[in-house]
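Enquirer: here's a sequence, model it:
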Amino acid sequence: MIMTKQFPIWMYILFPSITMLLGWGLRGYIGGGPFGAMIPGAMIALSLAMLLKLSAEATSVLVVFGAVGIGLGGEMTYGQTLGFLRNPDTMWWGILATTVKGSIWGLLGAIVLCIGLIYHRLPKRTVIIAFLLLLTGMLIGFKLINQPMIIYFSDPAKPRPESWGALLVGAIALLIFLKYKTAGYKIITRFALLGLIGGGLGFGLGGLWMVLGFNLPKEVIFQNWWKAMEFSFGFLLGGALGIAAWLSRKDIESQHVGPYSEPFFVSGSVWKEFAVTLFLALLIFWVMPSYLDSIVVADSINQGSFVMINFADLAKILSNFAFYGFIMVLAVMRFPSATWQIGITITFCYAAIDLMEDVFPDVSTDTPFTLYFSLIFLMTLTVGVLTAWFQRNVNIIRNMFLLLVWSCMVVAFLRLGLFEKSAGDSIQSLCGFICGKYFVHIVFTLSALYITWISITKFRLSNN
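Expert: Below is the predicted model of the structure:
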C-alpha cells in the first residue's frame, strides 16, 4: 500500500457515515437478521479501504471480515426491546437496553473488522483460534447470562432467546487473545473503543426517534420512526469507525508496508471461484439451516443449567451466524482467489433470498429446482459475473463498492414496486410526498448518489 494522498478528517467521518447509513437502511428494508447486516459490514469495509488506499488484495479480505463482523450483531433480537420505548414506565429500561446492545454490536463488529485489517500479518492458526474462542465465549455467555435471563431486555411474558451476553463474552475473549497474539493490538483497541461508543450512541440515541414517534399524534405525515432509528444507528456507527480509521491511518500504513507474511490472493480460475461461492451459498443458506433450525426452534426457550450443555446447545452454535462467518473465513484461507466472490456475491445472495421469500411466501424453501431457487440463482449469478469481471480490471475497490451499493438498491426498488401500495390521495403536497410513503427510498437514493459521486470523483485515480 502506498499512501499517495491523505484525505481530510471530514472525509473519514462523512463518507463512512453516509455509507453505513445507507447500508443499515438497506439491511432493515431488504433483509434483516445477521445475513442482512452483512450489507453495511461489507460497504463500510470498502469505504474505509478506499480512504486508507489499501491494496485490492487486502481489501478483498477486509470486506469478508467486515461483513462477518457487523453481521454478528444481527443475532441479537431487539423488536421487543424497542417496545419498551412505548411505555413511559419502561422507556429508560428500553434506552439502556438499546445502548447496551448497540455497544456490543459496534464493539464486536469493530474487533472482527480489525482482524481483517491485519489479516496478512497473522498466521492462519491465530485466526482460526480467534474464531474458536469467539464461539466458545458465545456459548459461555449464553449459558451464564442469556439463558437464565439474569439481565433480560425482552418481554418476559413472551420470552425470546437473547444473545447480547453471548456476543459480549465472545468479544472479551477475542480482545484478551488478540492482545497477546497480534502486533496490531493498538489498532484493534482503538477500533473496538470507538465501535463500542458509536454503536451505543447510534442505537441508544436512535431509539429516541421511537420515543418521539410513540408520543406524537397518529395523524403526523412522517411515521417511519423505526427507519429513522436505523439511519441514525448506521450514521453514528459508520462515523465512529471512520474516526478510528483516521486516528489509525499511520499505524495501518505501517502494517501494510513491507512483504506480506505469505501470499494470500491470486486471480485464478473463474469456474473455481463460482464453484466455491455456490457451495458456500448452498451450505450456509440451505443445507445447514434445513437440518439445524428445527432443533434450535424446539429448544428456543430451554432453561437448562450451564453444566447441561446438550445437543441443542451445539445446534445453536452451528446454526449461529458466527459459525457461518467462521466457514466463510476458512474458505478465504483455503480458496483466496474466491475472496471477492465471498465478500460481494455471498453478501448480495441473501438480499436476493429475502426478496424471493416475499415474492413466493408459500413456496417450500427446502425444495430445489423451483422458480424460487431459479430467480435467486440468476440474480446472484449476475452479481457473481460482474464481481469476476471487476476483479480482473482496474479500479477494483471502487467498482466493487458501486456494484454492491447499486445491486442492493435494485433489490430495494424492486421491493418498492412489488410490495409498496400507491400513496393515493393520502399525499397532497410535496412535504407529504417527501415525508410520507417514499421517505425511505428518497434517503436511499440521495445517499447512494452521494457516495457514488464521492467514490468516482475522489477515488478515480486508484490503481487498484
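Enquirer: does residue 409 touch residue 446 like I think?
Expert: No: using Cβ atoms under 8 Å as the test, residue 409 is too far from residue 446 to be in contact (11.6 Å). All C-beta atoms are positioned from the backbone trio N, CA, C, and that covers glycine.
Enquirer: out of these two, which sits in the busier spot?
Expert: Set residue 409 next to residue 446 and count neighbours by other Cβ atoms under 10 Å: residue 409 wins out with 20 against 12.
Enquirer: which residue comes closest to that one once chain neighbours are left out?
Expert: Excluding the flanking residues, the one nearest residue 409 by Cβ to Cβ, 6 or more residues apart in numbering is residue 448, at 5.4 Å.
Enquirer: and the one you found, what's its pLDDT?
Expert: pLDDT recorded at residue 448 is 98.
Enquirer: same for the helix or strand that contains it, what does it pack against?
Expert: Using DSSP states H and E, residue 448 maps to helix 439-458. Under the contact definition 3 or more Cβ pairs under 8 Å, 6 or more residues apart in numbering; DSSP states H and E, helix 439-458 sits against helix 9-30, helix 38-52, helix 225-247, helix 396-419.
Enquirer: same thing but at 10 Å, please
Expert: Under the contact definition 3 or more Cβ pairs under 10 Å, 6 or more residues apart in numbering; DSSP states H and E, helix 439-458 sits against helix 9-30, helix 38-52, helix 225-247, helix 396-419, helix 430-435.
Enquirer: number of residues surrounding residue 51?
Expert: Residues lying near residue 51 (other Cβ under 10 Å) number 20.
Enquirer: by mean pLDDT, flag the weakest helix or strand of the chain.
Expert: Every helix and strand of the chain was ranked by mean pLDDT, DSSP states H and E. The lowest is helix 430-435, at a mean of 64.
Enquirer: for the stretch 201-350 of the chain, which segments count as helices?
Expert: All helices of the stretch 201-350 of the chain, identified by DSSP state H, counting those that start in this stretch, fall at 225-247, 249-255, 270-282, 288-298, 311-318, 321-334, 339-340, 346-359.
Enquirer: against residue 155, how distant is residue 91?
Expert: Using Cβ to Cβ, to the nearest Å, residue 91 is found at 15 Å from residue 155.
Enquirer: so those two - more neighbours on which side?
Expert: The neighbour comparison of residue 91 against residue 155 (other Cβ under 10 Å) goes to residue 91, with 18 against 14.
Enquirer: and the helices and strands packed on helix 439-458: which comes nearest residue 66?
Expert: helix 38-52 (2.9 Å; Cβ to Cβ).
Enquirer: okay, now the unreliable bits of the stretch 201-350 of the chain?
Expert: Applying pLDDT under 70 to the stretch 201-350 of the chain flags the ranges 219, 221, 256-267, 293-312.
Enquirer: thought the residue nearest to residue 409 was touching residue 408?
Expert: Yes: contact criterion Cβ atoms under 10 Å: residue 448 and residue 408 qualify, at 8.9 Å.
Enquirer: if I look at these two, which residues touch both of them?
Expert: Jointly contacting residue 448 and residue 408 under the rule Cβ atoms under 10 Å, 6 or more residues apart in numbering are 22, 26.
Enquirer: three-state assignment of residue 367?
Expert: Here residue 367 is recorded as coil under DSSP: H, G, I helix; E, B strand; the rest coil.
Enquirer: now it, nearest residue through space, not along the chain?
Expert: residue 373 (8.0 Å).
Enquirer: I'd say the one you found and residue 379 touch.
Expert: No: at 11.0 Å, residue 373 does not count as touching residue 379 under the criterion of Cβ under 10 Å.
Enquirer: which of the two has more neighbours?
Expert: Neighbours per residue (other Cβ under 10 Å) separate residue 373 from residue 379, with residue 379 holding more: 21 against 18.
Enquirer: just the helices in the stretch 51-200 of the chain please.
Expert: Going by DSSP H, counting those that start in this stretch, the stretch 51-200 of the chain shows helices at 56-72, 79-83, 91-117, 124-141, 164-181, 185-215.
Enquirer: which parts of the strand or helix carrying the residue nearest to residue 367 are buried?
Expert: Using DSSP H and E, residue 373 falls within helix 371-391. Within helix 371-391, the residues that count as buried by 16 or more other Cβ atoms under 10 Å are 372-373, 375-377, 379-381, 383-384, 386-388, 390-391.
Enquirer: what does stretch 333-350 give?
Expert: Using 16+ other Cβ under 10 Å as the test for burial, stretch 333-350 gives 335-350.
Enquirer: check stretch 155-170 too.
Expert: Buried residues in stretch 155-170, counted by 16+ other Cβ under 10 Å: 160, 161, 162, 163, 164, 165, 166, 167, 168, 169, 170.
Enquirer: try stretch 442-451
Expert: Of the residues in stretch 442-451, those buried by neighbour count under the rule 16+ other Cβ under 10 Å are 443, 444, 447, 448, 450, 451.
Enquirer: need these in CSV with distance to residue 108, can you?
Expert: As requested, the buried residues of stretch 442-451 are exported to CSV (distance: Cβ to Cβ, whole Å):
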residue, distance to residue 108
443, 27
444, 27
447, 25
448, 27
450, 28
451, 25
